[in-house]
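S.K.: Quick one, fold the following:
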Amino acid sequence: MKRLMLTLVLAILVSGFSGDALSQGFRLSQPDEAGGFLTGMHPDATTGSGIKSSAMGPGVDLFIRYKLSPNFMVSTGTGIYTVYDKSFAWENWKITMFPTFETKFFIMPTGTRSVIPMAIAGLQVFGWKSSWKDAGGKIQTNDKTYYDAAFLVGAGLQFAVNEKVSFIVSGDYRYQFTTEGDEKPKYWGFKAGLAFNLRKPGRAYSRQDEIEYPMGEQELATLDDLFKEDTGKTGGRGDEDALSLLFQPEQGGTEGSDESTDQDLSSLFGAEESGSDVSPTSAEESATYPDTEIGQLMAKVDRIKSELDQKSRQVDELQAKVDGMGSLPSGKPLADDEFKSRYESARNLFMMKSYGEAISALGTLAASNPTHMLASNCHYWMGECYNAMGNYRKAIDEFQTVMGYRRSYKFADALIMSGLCYLKMGENATARSKFQELIDRYPDSEYAPRAMRYLGKL
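M.R.: This next block holds a predicted model:
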């Protein structure tokens, strides 16, 4: 009874972890992978049982896995295991482990795209019965089911067969700590099987409260317009982008009329979304104005507007520096709850377009506890602020800082934002390299399809 109660407590702890993980952003109804193993369970001869070194019992295991980040997974599974006194056969006795449930954690250092190493740790809870042959050779089985639990640690390799199927081999060592007495049973477990990718395209690994599109949807749509094909309105010129059409000679109407001029200027200098303007250098280099009075006027207005934008950005940056000088961190790092509270407040400043204040708050917060799980997020949102202010170089610096962290929720976000900033500066080759890096490193990211579309148009 004591052993049964301990096993139930462990099961409750496992379910408690599942509930906490659920609150962190993944749903138990949406696993990332599912599969099965053929297993072998070998009793450790050091337990003093006198088992032959070749002894191993067969079994099967079914599992589902959830990917919490590019380098961390958790799985749960069930199956039936056997332990024999011979290799895949038994002379005198066997143990049948059923039902059995396992929760395992996988740490996966960065490997190649086709081979991924794994470190494994977990917990197994199971019921078991034993069978033996009596002196007359008749098989006897105890009627009572015993319940136990074991810790396990191990390692493995995952080989990608294709985008949907992987082959996994692993080994682990199990310590049955709930057994009464000083001599605790120990086992070696071996598994080989297949895992099937269940992720939908674009599904992210990060926590739910961190799944946010870089920039706004309207701003992304504005960038998409750079590549959008215009069919049915340009006489079949489907490969021309939307911006180039602004500078085509008018067909029809009076070229020099005031009404026509106003329409041309309003189409070019109408209301813009935050962060969607281009830098002065890229605007002057990429725009080709008609050699007419209207074209000269458009070029002059463009230059004045660019200068005003640049001055405005400089004012915002100076204000952010001034605000930050009086709030430099001192003393011990902020507690986790206070860090998260200030982080949400700083993000709200970004959402309200108070970019200078947001940069100051985020910079102070990141410096207060550089090892906090959200420290890299602070730099990411500082990059978003600089992007919205039109300072793409500073934005790229912040996104590069994110990539320097060992772990971050924002790796994929920072890569696509870097590519978009380079794109808006007219540095298409560098933008292309960032989009390709995103696809190579995080092919299952929610931003990978968008990066592929951009690459197809660059």
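
S.K.: Could I get the full set of strands for this protein?
M.R.: 33-43, 57-69, 72-84, 93-107, 115-133, 139-141, 146-160, 165-175, 186-197 (DSSP state E).

S.K.: how about those strands, which one is nearest Leu365?
M.R.: strand 57-69 (21.5 Å; C-beta to C-beta). C-beta: built from backbone N, CA, C; applies to glycine.

S.K.: picking that back up, quick check: which of the strands of the chain is nearest to Phe399?
M.R.: strand 57-69 (18.3 Å).

S.K.: Check which residues of that closest one are buried.
M.R.: Under the neighbour-count criterion of 16 or more other C-beta atoms under 10 Å, strand 57-69 has 57, 59, 61, 63-68 buried.

S.K.: do stretch 445-456 as well
M.R.: Buried positions in stretch 445-456, judged by neighbour count with 16+ other C-beta under 10 Å: 445-448, 450-451, 454.

S.K.: The nearest residue to Tyr355 once chain neighbours are set aside: neighbour count?
M.R.: Spatial nearest neighbour of Tyr355, excluding adjacent residues (C-beta to C-beta, 6 or more residues apart in numbering): Cys385 at 4.2 Å. By other C-beta atoms under 10 Å, 29 other residues sit near Cys385.

S.K.: same check, this time on Ser354
M.R.: Residues near Ser354, counting by other C-beta under 10 Å, number 16.

S.K.: likewise the one 10 residues further on?
M.R.: Around Thr364 there are 19 other residues, counting by other C-beta under 10 Å.

S.K.: Just want to check the distance between it and Gly404.
M.R.: 19 Å (C-beta to C-beta, to the nearest Å).

S.K.: got it, and Thr76?
M.R.: Look at Thr76 and Gly404: by C-beta to C-beta, they are 34 Å apart.

S.K.: Between the strands of the chain, which one is closest to Lys394.
M.R.: Nearest of the strands of the chain to Lys394, taken as C-beta to C-beta: strand 57-69 at 27.3 Å.

S.K.: Let me see the mean pLDDT of the closest one.
M.R.: The average pLDDT for strand 57-69 rounds to 90.

S.K.: mind listing what that strand pairs with, with the direction of each?
M.R.: Its sheet considered, strand 57-69 pairs with strand 33-43 (antiparallel), strand 72-84 (antiparallel) by DSSP bridges.

S.K.: Wait, Lys410 touches Cys378, no?
M.R.: No - with contact defined as C-beta atoms under 8 Å, Lys410 and Cys378 do not form a contacting pair (9.8 Å).

S.K.: Which of these two has more residues huddled nearby?
M.R.: Shown here are Lys410 and Cys378; by other C-beta under 10 Å, Cys378 has more neighbours (31 against 25).

S.K.: Check the burial of the nearest residue to that one once chain neighbours are set aside by counting its neighbours.
M.R.: Distances taken as C-beta to C-beta, 6+ apart put Ala366 closest to Cys378, at 3.8 Å, once the chain neighbours are dropped. Look at Ala366: counted by other C-beta under 10 Å, it has 25 neighbours.

S.K.: tell me, how many neighbours does Gln362 end up with?
M.R.: Slight slip there: residue 362 is Leu, not Gln. Other residues within reach of Leu362, judged by other C-beta under 10 Å, total 29.

S.K.: list the contacts for Leu308?
M.R.: With contact set as C-beta atoms under 8 Å, 6 or more residues apart in numbering, Leu308 has no partners.

S.K.: when you give positions from now on, start the count at 752
M.R.: New numbering, starting at 752: the last item is Leu1059.

S.K.: if I look at it, how far off is Gly1107?
M.R.: To Gly1107, Leu1059 is 17 Å away according to C-beta to C-beta.

S.K.: Could you tell me which ranges of the stretch 752-901 of the chain sit under the pLDDT cut-off?
M.R.: Along the stretch 752-901 of the chain, segments meeting pLDDT under 70 span 752-780, 796-804, 821, 861-864.

S.K.: run the last query once more with 50
M.R.: Applying pLDDT under 50 to the stretch 752-901 of the chain flags the ranges 752, 756, 763-777, 799.
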